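J.: Structure here, sequence nowhere to be found:
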């Protein structure tokens, strides 16, 4: 017999279209409903006008639907209660399902009946209805559908994550009671805002319903097919369930006071079919505004679709009402905030005693800000009603906090109430075998019912496991119960191998940290997939706060090294290991690893060392230092606020000039050395510079007149034809905060203008900067010009495309004055210091090819690829079929991206733009920097930009018919292909593959060239300029990097769209690989190695009519405003980056 | 000690002192390898070490993280991060 499941294995299932649309087309009267009191009770029409419903089902089956949905959208006691018909719910469901069954039976091939269960009219998450009441209501409906013969239950049009979970439970319980199991389908409704009505995104929905083990998770209603793409993509990549998609016939529009759905069948069907093949949909159909004609239009295409093949990858996660959070964080660990715990936090306990719910929520929000990923929540307080407190607090917390919750209680009723109050996927903390398995089973039953992960402690009937072997043995027993018996995913089992304090000196626990760490390693190795957790701060109970701080940090650090995934920790107290004093660290590690020796007890050593230290280590220790030392540290740590008080104090007893020259500049010198040695990251350097600036501003009014701390002067400029500001501005920041006077002339400076400025403002050196390859040539021309003018002023060159060899060789030969290469701002500073001290001589040009001196070419093979008759590289194959664009000519992208961050290459941002590179740091130290600095910085920017949007992203793109002609592309007018719009010329490689961009287009027939242009708008460029003006160095640098990378992200996104439209998107790789050309074809921008000449931007802007989105070409052929980028898109599979 | 680097794409054979950065060799010899950031985070210079993987310098976390993100096979490296300790055969892949 064909069942729904067997059919789904063979084909894409076609469902019906709108039911309401069809009913209302029959204009039901009061008579039809059975009186004014019942007007609008559509579910009652099954009984009163069965012929209508029968006709509607028949029309959909005739159109080709494999299954129809019953007319039971609101047929549950709660909704029917509004018409006084609660008690009819069961009967109406039975009738509706039987009626649909009867119609289905009259068709020859297998047809199915899907029991429709709507969202109702009350939102449980917002407290409109209680859990038990909603569950009971759905239970009645589910039983009616099952008894009436429905082949599946479809919980659809879901707007509330909490409601989905209740309805799924009701269905499960009804199936158990009726001893009839049918597939359970769920469809969420994602509004145009990108979330369900209550704010959940689709990833939160997936994470939360996944443990419930349903059969289908899809989308219906709210929008047309196009608007569903991003959410379908998420499901396609991650959902283990089949995906359904029943969109509306487009976004409704209002025409003469009537709501009209704009997509006609002929427009609707291809969009749905496209989504089906693109996202691997198993079930398609329609929702509001769709008709049997829509379904008929779909039917032919659906028959041609193969059943989808996907390889989804679901990360084990927890979810709040709003978002999903992966349990495995990169870098580890996931931080579980520990302060909303009545056992651990006195503040929280006091708030609970006072029933200050808002205060408790504020404490929760604080932890969210501090960087916690999950919140541990414990309201156990002797003498209080824990169930009631959980109910009160969670009822409020669930909608106000975006972090998932860890329910921390040992009481089964408390856990159950908390789970009912939490719409997302919680973690229950915890189970153990202290009293055997009975209680653990009760809690696991709840985890299964409500779909929660669970923390399991290595405690059994004999007590807490102390050795690594005991811990592993209990862990294995926990695994057998949770994973093998209860069938939970191992990733939802979080084993806590217990942490004991090292502070007691108790002999029994001296080695306990080592045992715990080793147990982590064993558990991860022997129980693949399980997660691990530690209550890290337990390790330091009994010690003073300063010692605790360091011990906790190091225990966390070693825990992660041994396989720790989650840590209960005070997120605000995460101390980067790199910041711990080395002697402190050695001693505390001796304590952790129990390295006692004759006459040496690390515990005693730690107690002695920390005995006089106060809690907030850095500040208080600083207070004990002499003021000059404090100033030094203030610069090193970039404390731009705290340093002011120290400056004031120092000014009382010290000469202001000396303070600057000796103390502050001395500290900046250390900053430079650390940066040079790779020990300090650029963002920290900028914070130091900001502190320096603040300190100098404070000191300046105290300087004696006529005196100056300035050491020398430099004129800085980005060369002609180059708009890149950032490198030059970094040099400005570093030099001006190291006692040099800097005149920053800005970008695109012709050498004539620089020289004119030099005459008016004599300087010790000129600094030239530029990012483009072409700028290196301009620099050499500039040196020639200076030579002609008989100048001798030293010139310092810096920029990404420069090399030391080129500067010290070619450039030096062009000019008789000193020519110096600065790899970074600090090398520039060293040059300046040498220049003003007068002990520098004009360095001689390096001999030609100095670095290459010992590099000898033994053989240069004849492997140079011949050109074809058409003048193209024969390396490029011309056998791939040319794709068809969906339109010819230019369009503006109508749907500005809701979230630019979606395509952000965070790796490139953090490492390249923000300069967090590993340098000389250990892997662990670098991971800590990423975790403690880079990630919070990115999160803070996201929040800042969400609060005050600075970006007005706009884009234009288009498809043009082209023909390759040797090294050029002839761009034809799409409307009249005999007319040439432009001829784009490109350089060709001299040897090897002899590639040229034109080779990726056909010479023998018309090909398609895609062009694209994106911009973030003028406001972003203005904002960057403002930050720089106002000395917010670190902010300026971070914003500039972020905006640049988001421009790239937007371009990446548009490129992805172009690939989709050309149907060459099948090779798109997931994740970061996409940013590394993980797709078919290539996107070439002018100024990069394959087409270095910026002048090409002109024709591109003309063809795309860039002025219509406010993008213009500067004199130097670059795009204005700054955060804009254009590109040529080649579809050819062999098109990749190369350099000429 | 000098080592031999063979750039397979254009059959270019180069001799250089042991411990020379591969990017210096590629630059000096004019090999067809496109470099981007030269700091191990853009991937433009990805190569396959066809012969002599064990004669290349070890990977830093930066490069390892990057290649892991691409699911790259173990014989792939970022040319800008490699110094050459012995004879190697290099095939340019690019991004």
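T.: Arrived safely, thanks for sending. Given the structure is predicted, the values throughout are model-derived calculations rather than measurements.

J.: tell me which parts of the stretch 901-1050 of chain A are close to chain B?
T.: Counting by C-beta under 8 Å from any C-beta of the partner chain, the stretch 901-1050 of chain A comes close to chain B at A:907-908, A:911-912, A:917-918, A:923, A:926-927, A:989, A:991-993. For glycine as for every other residue, the C-beta is placed from the backbone atoms N, C-alpha and C.

J.: Pick out the most distant pair among those.
T.: Distances among those were taken as C-beta to C-beta; the most separated pair is A:927 and A:991, at 42.8 Å.

J.: Residue A:333 and chain B, how far apart?
T.: With distances taken as C-beta to the nearest C-beta, to the nearest Å, residue A:333 is found 18 Å from chain B.

J.: who touches that residue in this structure?
T.: A:556, A:559, A:560, A:564, A:565, A:566, A:567, A:569 (C-beta atoms under 8 Å, 6 or more residues apart in numbering or on different chains).

J.: please redo it, this time with the cut-off set to 7 Å
T.: Contact analysis of residue A:333 by C-beta atoms under 7 Å, 6 or more residues apart in numbering or on different chains lists A:560, A:564, A:565, A:566, A:567.

J.: Now do residue A:613, the pLDDT please.
T.: Here, the pLDDT recorded for residue A:613 equals 69.

J.: Repeat that for residue A:607.
T.: Taking residue A:607 on its own, its pLDDT is 85.

J.: what does residue A:578 give?
T.: Residue A:578 is given a pLDDT of 77.

J.: rewinding a little: please produce a markdown table containing the residues of the stretch 901-1050 of chain A next to chain B, extended by secondary structure and neighbour count.
T.: Output for those, formatted as a markdown table (DSSP: H, G, I helix; E, B strand; the rest coil; neighbours: other C-beta atoms under 10 Å in any protein chain shown):
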| residue | secondary structure | neighbour count |
| --- | --- | --- |
| A:907 | helix | 19 |
| A:908 | helix | 23 |
| A:911 | helix | 23 |
| A:912 | helix | 20 |
| A:917 | coil | 19 |
| A:918 | coil | 22 |
| A:923 | helix | 15 |
| A:926 | helix | 24 |
| A:927 | helix | 22 |
| A:989 | coil | 20 |
| A:991 | coil | 16 |
| A:992 | coil | 24 |
| A:993 | coil | 21 |
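
J.: Break chain A down into its domains, please.
T.: Using automatic domain parsing, the domains assigned to chain A come out as A:4-304, A:317-601, A:625-702, A:712-854, A:889-904+A:952-1130.

J.: Let me see the ranges of the helices in chain B.
T.: For chain B, the helices defined by DSSP state H occupy B:22-29, B:61-69.

J.: Based on its surroundings, how many neighbours for residue A:324?
T.: 24 (other C-beta atoms under 10 Å in any protein chain shown).

J.: Kindly report the same for residue A:571.
T.: Residue A:571, neighbours per other C-beta under 10 Å, totals 21.

J.: In a markdown table: the domains of chain A, plus distance to residue B:27.
T.: A markdown table is the format used below for the domains of chain A (distance: least, C-beta to C-beta, whole Å):
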| stretch | distance to residue B:27 |
| --- | --- |
| domain A:4-304 | 40 |
| domain A:317-601 | 34 |
| domain A:625-702 | 23 |
| domain A:712-854 | 7 |
| domain A:889-904+A:952-1130 | 13 |
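
J.: of those domains, which approaches residue B:17 most closely?
T.: Among those, domain A:712-854 comes nearest to residue B:17, with 5.0 Å by C-beta to C-beta.

J.: Return the distance of that closest one from the chain's centre.
T.: Counting by C-alpha atoms, centre = their mean, to the nearest Å, domain A:712-854 is centred 39 Å from the centre of its parent chain.

J.: Can you tell me which residue is spatially central in chain B?
T.: Ranked by distance to the mean C-alpha position of chain B (C-alpha atoms, centre = their mean), the top residue is residue B:79 at 3.0 Å.

J.: ok, that one - contacts?
T.: If you count contacts by C-beta under 7 Å, 6+ apart, residue B:79 has them with B:22, B:23, B:26, B:33, B:45, B:47.

J.: from those, which is closest to chain A?
T.: Closest approach to chain A among those (C-beta to the nearest C-beta): residue B:33, at 8.3 Å.

J.: Thanks again, I'm all set now.
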